[in-house]
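Student: how would this look folded up:
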Amino acid sequence: MKPLKILFVDDDLKYSMLLKRFLEKEGYEVTYAGNGNIALEQYLVIKPDLVLLDINMPGYNGFEVAERIRLQDKHVLIFFLSDRSDKMDRLQGFQLKANDYLAKPFYPEELIARIRERFSFSFCDNIEDEIYNFGHSVFNYSTNEIRVGNNKVLITSRQADLLRLLARNLNKTVDRNVLLEAIWGNTSYANSLALNVQITYLRKALRHDSIIKIESLMKKGYILKDI
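Tutor: Predicted coordinates for the structure are as follows:
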């Protein structure tokens with residue numbers, strides 16, 4: 001199976017190299033362009049499956065790049081990644097037939113989740129989905145997706161790892177330190193705070209399921225409870 005080819009366009013070199021390495025660790029083939037002019041040249045050479053576009057760049061800006069790409073290709077996926085997050089910018093992005101718009105700052109795991117959702121069928125046909133059922137929920141670990149009836153929620157890769165551990169121990173307490181070691185690699189105070197935040201996000205993601213909840217047990221851990 002060929003790796004997903006990504007053209008990543010952003011003039012912030014330090015930030016871009018960090019995100020590029022993150023994407024490459026996920027198995028994606030990433031070509032970096034530091035401005036819109038280079039991006040349009042690279043686009044013709046690599047013929048990417050996905051274009052990640054910043055908006056504020058020297059030369060052609062992200063909107064202009066997207067417009068020129070769409071004149072040549074109506075099918076390639078385009079995601080805007082930008083610190084311009086007001087309504088008018090988002091509307092302009094989608095008017096240019098963008099497929100997604102992520103406002104900076106965002107978690108890299110959120111970007112991965114959105115990429116996986118878009119390409120799960122075309123690039124993951126040979127991978128058997130890892131599915132967990134609890135309450136009214138169907139959790140697909142392979143695509144970071146939780147479905148409750150007609151409601152679908154995408155979670156980050158880290159949240160998916162966390163929920164998988166809880167789902168594997170449904171109605172059983174999972175020790176806090178076990179979660180920290182498994183997901184973050186150590187039990188530092190900073191990671192402990194991060195765990196609290198991720199549990200909050202998971203509770204929101206499961207809000208459509210009236211018979212499932214994540215309970216916290218003081219100084220012990222968490223339990224995914226089917227009530």
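
Student: List the buried residues of the one helix or strand residue 44 maps to.
Tutor: Using DSSP states H and E, residue 44 sits within helix 36-46. By 16 or more other C-beta atoms under 10 Å, the buried positions in helix 36-46 come out as 36, 38, 39, 40, 42, 43. The C-beta positions use only the backbone N, C-alpha and C, and glycine is treated the same way.

Student: so the nearest residue to the fifth one once chain neighbours are set aside bridges to which residues?
Tutor: Nearest-residue entry for residue 42: residue 33, 5.1 Å, with adjacent residues in sequence omitted and distances by C-beta to C-beta, 6 or more residues apart in numbering. Beta-bridge pairing of residue 33, defined through DSSP bridges, involves residue 9.

Student: how far away is residue 33 from residue 68?
Tutor: With distances taken as C-beta to C-beta, to the nearest Å, residue 33 is found 13 Å from residue 68.

Student: Looking at the two, which one has more neighbours?
Tutor: residue 33 (23 against 14; other C-beta atoms under 10 Å).

Student: quick revisit: elements contacting the helix holding residue 44?
Tutor: Packed against helix 36-46, as judged by 3 or more C-beta pairs under 8 Å, 6 or more residues apart in numbering; DSSP states H and E, are the following elements: strand 5-9, strand 29-33, strand 50-53, helix 62-72.

Student: who touches whichever helix or strand comes after the last one?
Tutor: Read it as helix 62-72. Next along the chain after helix 62-72, taking DSSP H and E as the criterion, comes strand 77-82. Under the contact criterion C-beta atoms under 8 Å, 6 or more residues apart in numbering, strand 77-82 has outside partners 10, 49-56, 62, 66, 69-70, 89, 93, 96-104, 106, 111, 114-115, 118.

Student: How far off centre is the next helix or strand after strand 77-82?
Tutor: Helices and strands here follow DSSP H and E; after strand 77-82, the next one along the chain is helix 87-95. Centroid separation between helix 87-95 and its chain, computed with C-alpha atoms, centre = their mean, to the nearest Å, is 20 Å.

Student: Measure how helix 87-95 sits relative to helix 62-72, angle-wise.
Tutor: Helix 87-95 runs at 20 degrees relative to helix 62-72, counting by axes from the mean of the first three to the mean of the last three C-alpha atoms, to 10 degrees.

Student: Mean neighbour count, the helices and strands packed on helix 36-46: which tops it?
Tutor: Comparing the helices and strands packed on helix 36-46 by mean neighbour count (mean count of other C-beta atoms under 10 Å), strand 50-53 comes out on top with a mean of 25.
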